[in-house]
Structure formats: C-alpha cells, structure tokens
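Participant: Kindly generate the corresponding structure for this input.
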Amino acid sequence: MARLGLRRVSGSPAAAPSPTGADHAPGHVTHLDRDRPQVEAAQRDPLQFDALYRRYLAQVYSFAFYELANHHDAEDVTARVFLQALTALPRFEDRARPADGDGASTFRVWLFQIARNEVAKQRRTFRRRPQAPLEAAAAILDAGDDPADAVTRHETAVTAVEALRRLPADRRRALVLRFVDEMSTAEIAGVLGRSEGAVRVLIHRSLRSVAADLSRRAR
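Facilitator: Numbering: from 1, shown residues only. Sure, this is the predicted structure:
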C-alpha cells in the first residue's frame, strides 16, 4: 500500500466530526486518552502525525476493505481518511470519559467516523464496479504452512466472509470493528452513532445470524 506523504498543512482546517456528540459540562475532568500525547504533538507539528498514521493504518485499511471488498478502493479511502484527519486535526478535541476506561481513544473513534463517511462516498462514486472475489478477503488471514490445512482454512475464511457480507450494514460494521479492529463497545458506539446497549444488541444478533448462516450451509 502506498504510504501517505506527510507535509505541513497551511490554511484553515476542514471541519471535523465530533468524536462523542454532546460537549462535556464545564469543569469536567477528562480521562487520559491513550493517543493524547501523539495528538498534541501532531497538533503542534503536523510532521508528528506519522506516529498516529502508523498506529492506525492497518485498522483503517481493514475496515475499508471489509466494507468495499476491493483492495484499490480500500487503499484510496485509507489515504483520504488520513489526509482529512491530518488537515482537520487542529480542530480535534479529546473528549474521553472516565467511564471509557484505560486505553480508550476518542481520536480513534473520530478517525473511524471519518472512515465511515469516506466509505459511503466511495460507494456512491463507484457503484458500477463489481466486488472483488471473496477469496481476496480470506488472503488477509494467516493460512498456515501445511497445504492441506491452508486449503481448509481458506475455504472456512471465504465462507465466513460470505456470511459477514450478507449481514445488514450496521451489523457487519459492528462485527468488523469489534473482532477485526478490536474496538471496545464504547468506541463502536461512537463510530456508529448508537448507544452502547444498541451496539451490544447488534453484535449479539450479528453473531447469531452468522452462526445460523454457517450452520445452514454446512448441511
């Protein structure tokens, strides 16, 4: 994947989506966001954005790929996401809450909100292109060294990805964010604009749907 070239950005930054919604009440003490040191460094010097880029590049790309099923489109979206984030970073506000727990990152939620918007734009622009073969998604997984095992794992992965693709959009995104990008329920809620309770229901129903789908096709 081509690496995003970083440079100093001049002019007014683009408006950035809010990471969590409503503003905190005056005097609220925010929980330490794990990305805060890197975010503050990048806000002072855009060249320092590289640390955030390297940390989240694979996660943003995998999210885009599972959404678009095309490596080239996923790469294009990933590049646009980081360019937009870099440009809008001066306006980003850390809004982590104590309830988010250790390791929370409102920057990551904000970044994936941008990714979600860019995926939607890509779909509107490139509807005419057929999806890449599902086998390409399975190639992301480690197939192992034994050829027989590799074939079995490959077939299993393709079947699982097919079941995932048949889910409604929000259910699919919830599963990818939880089990591919390993986000917390609170982070997924921020990305999807849902409550944490709704996200838990989405994930539960999605897992049941995928399990039922796989069971039917195994008969």
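
Participant: Phe65: neighbour count?
Facilitator: 22 (other C-beta atoms under 10 Å). All C-beta spots, glycine's among them, are computed from the backbone N, C-alpha and C.

Participant: That one and Arg172, how far apart?
Facilitator: 12 Å (C-beta to C-beta, to the nearest Å).

Participant: could you measure Phe49 against Ser184, distance?
Facilitator: Counting by C-beta to C-beta, the gap from Phe49 to Ser184 is 24 Å.

Participant: Between the two, tell me which one has more neighbours.
Facilitator: Phe49 (22 against 19).

Participant: Just list the residues touching the more buried one, thanks.
Facilitator: Leu6, Ala42, Ala85, Leu86, Leu89 (C-beta atoms under 8 Å, 6 or more residues apart in numbering).

Participant: Closest to Leu192 out of those residues?
Facilitator: The closest of the contacts of Phe49 to Leu192 turns out to be Ala85 (C-beta to C-beta; 18.3 Å).

Participant: From what I see, that closest one and Gln113 are in contact.
Facilitator: No: assessed by C-beta atoms under 8 Å, Ala85 is found out of contact with Gln113, at 10.0 Å.

Participant: Who has more neighbours out of those two?
Facilitator: More neighbours surround Ala85 than the other of Ala85 and Gln113, with 25 against 21 (other C-beta under 10 Å).

Participant: Which element, helix or strand, includes that one?
Facilitator: helix 71-88 (DSSP states H and E).

Participant: Verify the stated contact: Ile114 with Leu83.
Facilitator: No: at 9.8 Å, Ile114 and Leu83 do not qualify as touching, with contact defined as C-beta under 8 Å.

Participant: Look at those two and report which has more neighbours.
Facilitator: Between Ile114 and Leu83, counted using other C-beta under 10 Å, Ile114 has the larger neighbour count: 22 against 17.

Participant: Can you show me the helices along the protein?
Facilitator: Remark: helices assigned in the chain by DSSP state H are 36-44, 50-68, 71-88, 106-125, 134-138, 147-165, 169-175, 185-192, 196-218.
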